[in-house]
Structure formats: structure tokens, C-alpha cells
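Asks: Return a 3D structure for these sequence lines:
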Amino acid sequence: MAELTNVRCVLAVRDLATSVDYYTRVLGMAIDFTVPGWAFLSRGSFRVMLGECTDAMPAHETGDHSYYVYVTVEGVDELYADLVANGVALTQPLASKPWGMREFGVRTPEGHRIMFGQEL
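Replies: Below is the predicted model:
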């Protein structure tokens with residue numbers, strides 16, 4: 001049987017340089033490699049492909065559809081402290097939720113929203 005081994009989110013961004021700076025400086029991701037118009041980034045098993053699409057609708061204009069990923073982590077309190085210290089824009093502060101997760105949300109400069117959570 002085939003096994004799914006990794007996921008890499010693919011996002012259209014209007015300004016690739018600004019987005020790469022955010023994902024590396026604020027979210028602490030590493031650049032795996034780049035090709036013209038694309039950047040491949042990762043932090044642990046969280047992987048993202050950013051593709052520059054200068055004419056694309058900005059993510060912030062898609063409203064609730066700008067959520068693109070929920071990342072399950074170990075050490076959510078430490079991650080939260082690190083990202084806040086790096087100047088991340090929060091959509092939700094860190095909190096324990098009745099559905100058994102301790103989680104928080106962030107917004108990228110393009111308006112994409114990411115949730116980070118740890119099972120309680």
C-alpha cells in the first residue's frame with residue numbers, strides 16, 4: 001500500500017522576498033532551496049513552497065479562507081514565546097481549548113493564517 005510521507009504547503013505570494021524574510025526571520029524556518037520565483041522552506045516536518053504570483057488576489061482578501069494549515073507541535077509554549085519575541089502578528093493568543101489542544105494563531109504579511117497547537 002502506498003504511504004504518504006510528507007506534506008508541503010504551496011502558497012501564492014505577491015512579494016517573495018518579503019515572505020521569505022518573514023518565514024525565516026519570524027517563523028524560524030530554513031531555506032531548503034530556491035529557484036526563480038520559488039522558495040522551498042522548512043522547520044522540522046513543516047514544509048512550505050512559496051511561489052511568487054504578483055497578480056494573485058492577496059490572501060487577506062479571502063477572509064476565512066486564508067487559513068491554510070494547522071501545525072501540531074511539541075513545546076507549543078516555547079514556540080509561542082519564540083515567535084512573539086520575533087514580532088509575529090497573532091490572530092489568536094496561546095490558550096488551552098475545550099477540544100484538547102493548546103494553540104495559537106498567526107498571520108503572515110500576505111494575510112495567510114497558520115494555527116500551531118499541541119495536544120493536551
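Asks: Show me what the longest helix anywhere in the chain is packed up against.
Replies: The residue-count maximum for a helix in the chain (DSSP state H) belongs to helix 76-85. For helix 76-85, the packing partners by 3 or more C-beta pairs under 8 Å, 6 or more residues apart in numbering; DSSP states H and E come out as strand 89-96, strand 101-107, strand 113-119. For glycine as for every other residue, the C-beta is placed from the backbone atoms N, C-alpha and C.
Asks: and with 7 Å instead?
Replies: The elements that helix 76-85 packs onto, with contact taken as 3 or more C-beta pairs under 7 Å, 6 or more residues apart in numbering; DSSP states H and E, are strand 101-107, strand 113-119.
Asks: could you check the angle strand 101-107 makes with that helix?
Replies: Taking axes from the mean of the first three to the mean of the last three C-alpha atoms, to 10 degrees, one finds helix 76-85 and strand 101-107 inclined to each other by 20 degrees.
Asks: Now do helix 76-85 against strand 113-119, angle only.
Replies: Using the same axes, to 10 degrees: helix 76-85 against strand 113-119 is 150 degrees.
Asks: can you list contacts of helix 76-85?
Replies: Helix 76-85 is contacted from outside by 26-28, 73, 94, 102-104, 106, 116-118, using C-beta atoms under 7 Å, 6 or more residues apart in numbering.
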